[in-house]
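Participant: predicted model, plus sequence, below.
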Amino acid sequence: MVFDPDVFTEFRYLAAHIDRASARVDFDFELAGPSRTEVFRETVTFTPVRADRDVDWLRVEGLVAILGAVIGLSYYKAAAPQRYVISQGGITAAGVSYLTTVLSKGLAEFAFRNELPGLLEPEIVVTGGASPEFPAESHVTPDGDPLVPIGGGKDSVVTVELLAAARMHPVQFAVNPNQVIFRVGRVKGHPVIPATREIDERLLELNSEGALNGHVPVTAINSLISLVQARIIGLGPVVMSLEASASEATLVWDGVEVNHQWSKSEEAEGLLHDMLGPQAGLSAGAYFSLLRPYSELKIARYFSGLREYHPVITSCNRAFRRGVDDARWCANCDKCRFIFLILSPFLPASALIRMFAANLLDDSRQIEGYRSLLGLAEHRPFECVGEQAESMVALTWIAHQEDWKKSVVVTALVSEIPELLTPHPELEAQVLGHRDGICGMPGGYEHLGAILA
């Protein structure tokens with residue numbers, strides 16, 4: 001059967017069923033139209049609480065309600081109808097406002113790449129009306145050990161190390177972790193706990209039949225999963241590792257910014273802060289990014305000194321595809337190119353080549369990819385890479401380093417952009433400076449990022 005998106009007139013978020021004993025949540029959704037209905041169930045299973053621990057289920061339920069609405073975007077996008085109906089209770093006006101923006105901006109790349117008329121702005125209908133909000137006086141900042149979502153790459157490693165250096169006890173957390181994540185998480189012996197997402201196989205079948213497909217705001221989903229997990233087991237704040245660079249747009253489409261990393265951006269973090277209080281009774285300090293004021297290049301400089309992690313980290317997204325349990329750098333994608341570049345000023349060539357099992361800067365096949373990172377292509381890559389300015393600064397530095405200046409990529413780019421041989425102190429100050437951003441860090445955390453300065 002060929003999938004026709006136009007057959008469906010609305011998407012329905014039907015229910016979220018919480019099994020408190022097993023810490024399992026089943027989310028039910030539908031795509032519906034006059035002649036066809038598709039039914040989906042997604043399951044998220046959290047690490048459960050000890051039997052003797054009390055759980056603040058009221059706040060967990062508030063988080064689960066909005067989590068289901070955002071998870072639903074994975075199924076909504078199959079047809080992207082003009083109506084999004086929420087039957088599940090517990091969604092507040094703040095939750096609807098949050099969902100409206102996450103749907104529009106978090107699916108902006110999806111809309112662009114599927115050649116839709118513009119950003120998605122469906123009518124969002126909460127059957128029965130919005131639920132009451134948590135009053136401001138009830139908002140709390142959780143105390144206890146921080147929960148740190150990890151992904152197998154350098155950024156979360158830096159966050160964990162900064163917290164540990166401050167004599168905190170980070171609890172590492174991952175959604176559907178594979179062997180790469182466990183290997184990185186166990187380097188220093190900090191605990192690693194998992195949650196699992198089981199996406200309905202029917203969605204994958206529909207994709208093969210021609211359903212609309214594309215990028216969804218994964219960080220928004222995983223952030224909410226992390227918040228639920230922290231509340232179930234009674235931990236402190238969720239401490240993210242989202243850097244300043246994530247806020248730069250990938251391209252501008254008919255006057256609208258499209259950002260592959262939008263759900264990692266400062267704007268997305270601020271929206272989540274604004275929603276957490278009324279929707280779940282949590283203050284902004286329940287969720288924040290420790291690395292928000294810093295660029296990827298600055299974080300890479302700090303990470304370069306954490307040598308015990310060098311043999312095990314992997315940021316290549318191909319290592320985290322569905323069905324892949326253990327992989328390393330592919331050495332032929334935008335993410336690999338960017339990470340290799342921003343580490344190159346701080347590590348000897350021999351060490352970096354050993355880490356990647358390849359020399360990406362001495363491979364002519366990589367030149368076009370590096371041109372894209374510098375902004376010389378039609379637009380920046382649809383990938384989690386840093387700002388054009390960071391790539392420019394890193395290349396300017398290595399154009400003067402013996403290890404790299406004669407490599408194929410550097411030679412080609414210097415020939416095309418002679419300015420790479422000229423220092424750019426203003427650009428360096430921009431990239432390496434502290435970026436003022438949103439607040440929300442509770443007491444005891446504000447000074448930690450200063451170690452990167």
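Facilitator: Here it is on my side, so go on.
Participant: got the contact list for the residue nearest to Tyr98 when sequence neighbours are not counted?
Facilitator: Spatial nearest neighbour of Tyr98, excluding adjacent residues (CB to CB, 6 or more residues apart in numbering): Met275 at 4.0 Å. C-beta here means a position set from N, CA and C on the backbone, and glycine is covered the same way. Neighbouring residues of Met275 by CB atoms under 8 Å, 6 or more residues apart in numbering: 66, 94-95, 97-98.
Participant: give me the neighbour count for Gly95.
Facilitator: By the measure other CB atoms under 10 Å, the count of residues near Gly95 is 27.
Participant: pretty sure it is touching Val64, no?
Facilitator: No - applying CB atoms under 8 Å, one finds Gly95 not in contact with Val64, separated by 11.3 Å.
Participant: three-state assignment of Glu42?
Facilitator: Using DSSP: H, G, I helix; E, B strand; the rest coil, the secondary structure recorded for Glu42 is strand.
Participant: what's across from it in the sheet?
Facilitator: Phe27 (DSSP bridges).
Participant: can I assume it is in contact with Ile71?
Facilitator: Yes - with contacts counted by CB under 8 Å, Glu42 reaches Ile71, the gap being 5.9 Å.
Participant: returning to that earlier point: list buried residues within the contacts of Met275.
Facilitator: Buried by 16 or more other CB atoms under 10 Å: 66, 94-95, 97-98, out of the contacts of Met275.
Participant: pLDDT below threshold where in this structure?
Facilitator: 319-320, 323-326, 437-439, 449, 453 (pLDDT under 70).
Participant: okay, now the domains of it?
Facilitator: According to automatic domain parsing, the chain comprises the domains 5-289, 296-432.
Participant: helices of the stretch 301-450 of the chain, residue ranges please.
Facilitator: Along the stretch 301-450 of the chain, counting by DSSP state H, counting those that start in this stretch, helices occupy 334-343, 349-356, 367-373, 388-398, 408-416, 425-432.
Participant: which of these is buried the deepest?
Facilitator: Among these, helix 334-343 has the highest mean neighbour count (mean count of other CB atoms under 10 Å), at a mean of 25.
Participant: what is the burial count for Thr159?
Facilitator: Thr159: 26 surrounding residues under other CB under 10 Å.
Participant: same check on the one 3 residues further on?
Facilitator: Residues contacting Leu162 under the criterion other CB under 10 Å number 23.
Participant: can you check Glu10 too?
Facilitator: Neighbours around Glu10, by other CB under 10 Å: 18.
Participant: wait, it sits on Tyr84?
Facilitator: Yes - between Glu10 and Tyr84 there is a contact under CB under 8 Å: 7.2 Å.
Participant: between the two ends of stretch 141-158, how far is it?
Facilitator: One end of stretch 141-158 to the other measures 23 Å (CA to CA, to the nearest Å).
Participant: residue contacts, Glu30?
Facilitator: Glu30 makes contact with 11-12, 14, 37-40, according to CB under 8 Å, 6+ apart.
Participant: ok so it is a helix residue?
Facilitator: No - going by three-state DSSP, the assignment for Glu30 is strand, not a helix.
Participant: SS state for Ala164?
Facilitator: helix.
Participant: that one and Arg53, how far apart?
Facilitator: 24 Å (CB to CB, to the nearest Å).
Participant: next one: Ala394 relative to Arg183, how far apart?
Facilitator: According to CB to CB, Ala394 and Arg183 sit 27 Å apart.
Participant: still on that earlier bit, can you lay out the contacts of Met275 as TSV showing distance to Ser245 and secondary structure?
Facilitator: TSV is the format used below for these (distance: CB to CB, whole Å; DSSP: H, G, I helix; E, B strand; the rest coil):
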residue	distance to Ser245	secondary structure
Ile66	27	helix
Ala94	28	helix
Gly95	29	helix
Ser97	27	helix
Tyr98	23	helix
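Participant: out of these, flag the one nearest to Ala220.
Facilitator: Tyr98 (9.0 Å; CB to CB).
Participant: wait, that closest one touches Gln279, no?
Facilitator: Yes - using CB under 8 Å, Tyr98 is in contact with Gln279, at 7.3 Å.
Participant: what is in contact with those two at once?
Facilitator: Common neighbours of Tyr98 and Gln279 (CB under 8 Å, 6+ apart) are Ile66.
Participant: hang on, the earlier thing: more neighbours, Glu42 and Ile71?
Facilitator: Higher neighbour count among Glu42 and Ile71: Ile71, with 25 against 20, using other CB under 10 Å.
Participant: identify the residues contacting the more buried one.
Facilitator: So Ile71 contacts 27, 42, 44, 197, 221 (CB under 8 Å, 6+ apart).
Participant: from the contact counts, what lies against the helix or strand hosting Glu257?
Facilitator: According to DSSP states H and E, Glu257 maps onto strand 256-258. Counting contacts by 3 or more CB pairs under 8 Å, 6 or more residues apart in numbering; DSSP states H and E, strand 256-258 packs against helix 108-113, strand 251-253.
Participant: one step back: so which of Ala164 and Arg53 has more stuff around it?
Facilitator: Ala164 (14 against 10).
Participant: leaving out chain neighbours, which residue sits closest to the more buried one?
Facilitator: Using CB to CB, 6+ apart, the closest residue to Ala164 is Pro170 (6.3 Å).
Participant: from what I see, that neighbour and Ile150 are in contact.
Facilitator: No - the criterion here is CB under 8 Å, and Pro170 misses it with Ile150 at 9.2 Å.
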